[in-house]
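*Asks:* Turn this into a model:
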Amino acid sequence: MVMGTRDQAAALLEQLSRRVETLGLKLKAEKTRLTHLDEGFVFLGQKIIGRTKHGKHLVYTFVTNEALASIKRKVKTLTGRSTTNLALSELIAALHPVLRGWVNYYRHAAAKRTFGYLDHYVWWRVGRWLRKKHPRMTWKQINRRYLNDDHTYQDRGITLYKPARTRVTRYRHRGARIPTPWTTTAEPTGPRADAANLQEQLPLERRPTGARMNQTNTPGAHGEPDAATSPKSGSAGGGEETTGRKASTGASPPTQRRPRCC
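*Replies:* Now for the predicted structure:
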């Protein structure tokens, strides 16, 4: 995609064709053309087109008619008269990978209505397939035998897949926190991260009380004072050693304990 005039896009296309020829490849003329985004173009089975909505120019991705026709042909082939010798569970097992693969490929496009139409089409094809398999059964008997409480066909614990229930996720926002091949580390962003960076830049006397307490009091293991800073004193007579109490911030120096008298 090029943001510029048509002449600039044609010049870039000529450079691209020469670049591809150096690799031993060649652009196909029937699959390569210059078009405006508002006119749209087809890429990998998806229609990419720009539209204006609520005063904003947006880009939409739709499922092409050819892609929808291809999945309908596959479903029609599997639910034809040639497969009526199979059980319903076997037919559903054959339909599931076809439907799931197609739906998962187009789930990031504006395809919610398309999935609903495909769901309706598959449901009716399976229903007509059952009518061909059991010609002497009425619709009421077929529905009583194969439909569940959710009005979905099932057999032997296998339920028919419903494309309409697939969640469509479009325009995923990849923020700075998500690593990419070009960024090895992702720095945290937000109000809390900005406040923490500003607090680190302030002098010690201007920081909040909690920050000064955390930096001045650095206890050792299990909250005991560090061995290098804790004062020790020996007794005058018995040789018993006593340790000084932990000094608090802003308090007087620690006092020494006197030895007990006999």
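*Asks:* what about the strands in the stretch 51-200 of the chain?
*Replies:* Ranges of strands in the stretch 51-200 of the chain, per DSSP state E, counting those that start in this stretch, are 56-63, 154-155, 158-159.
*Asks:* Help me confirm that residue 38 is found in a strand?
*Replies:* No. Checked against DSSP: H, G, I helix; E, B strand; the rest coil, residue 38 lies outside a strand; its state is coil.
*Asks:* Bridged to the closest residue to it other than its chain neighbours, which residues?
*Replies:* Distances taken as Cβ to Cβ, 6 or more residues apart in numbering place residue 50 nearest to residue 38, at 5.0 Å, with adjacent residues excluded. Every residue, glycine included, has its C-beta placed from N, CA and C. Taking DSSP bridges as the rule, residue 50 bridges to residue 59.
*Asks:* got a list of what the nearest residue to residue 88 once chain neighbours are set aside touches?
*Replies:* Nearest residue to residue 88 in three dimensions, chain neighbours excluded: residue 155, at 3.7 Å (Cβ to Cβ, 6+ apart). Residue 155 is in contact with 87, 88, 89, 92, 146, counting by Cβ atoms under 8 Å, 6 or more residues apart in numbering.
*Asks:* count of residues packed around the nearest residue to residue 112 once chain neighbours are set aside?
*Replies:* Spatially, and ignoring its direct neighbours in sequence, residue 112 is nearest to residue 168 (5.1 Å; Cβ to Cβ, 6+ apart). A count of nearby residues for residue 168, using other Cβ atoms under 10 Å, gives 15.
*Asks:* Determine whether the claim that residue 42 is in a helix is correct.
*Replies:* No. Checked against three-state DSSP, residue 42 lies outside a helix; its state is strand.
*Asks:* which residues does the residue nearest to residue 38 contact?
*Replies:* Neighbours of residue 50 in contact, by Cβ under 8 Å, 6+ apart: 37, 38, 40, 57, 58, 59, 60.
*Asks:* Whichever of those residues end up buried, select them in PyMOL.
*Replies:* Filtering these down to the buried ones (16 or more other Cβ atoms under 10 Å) takes a single PyMOL command:
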select buried, resi 40
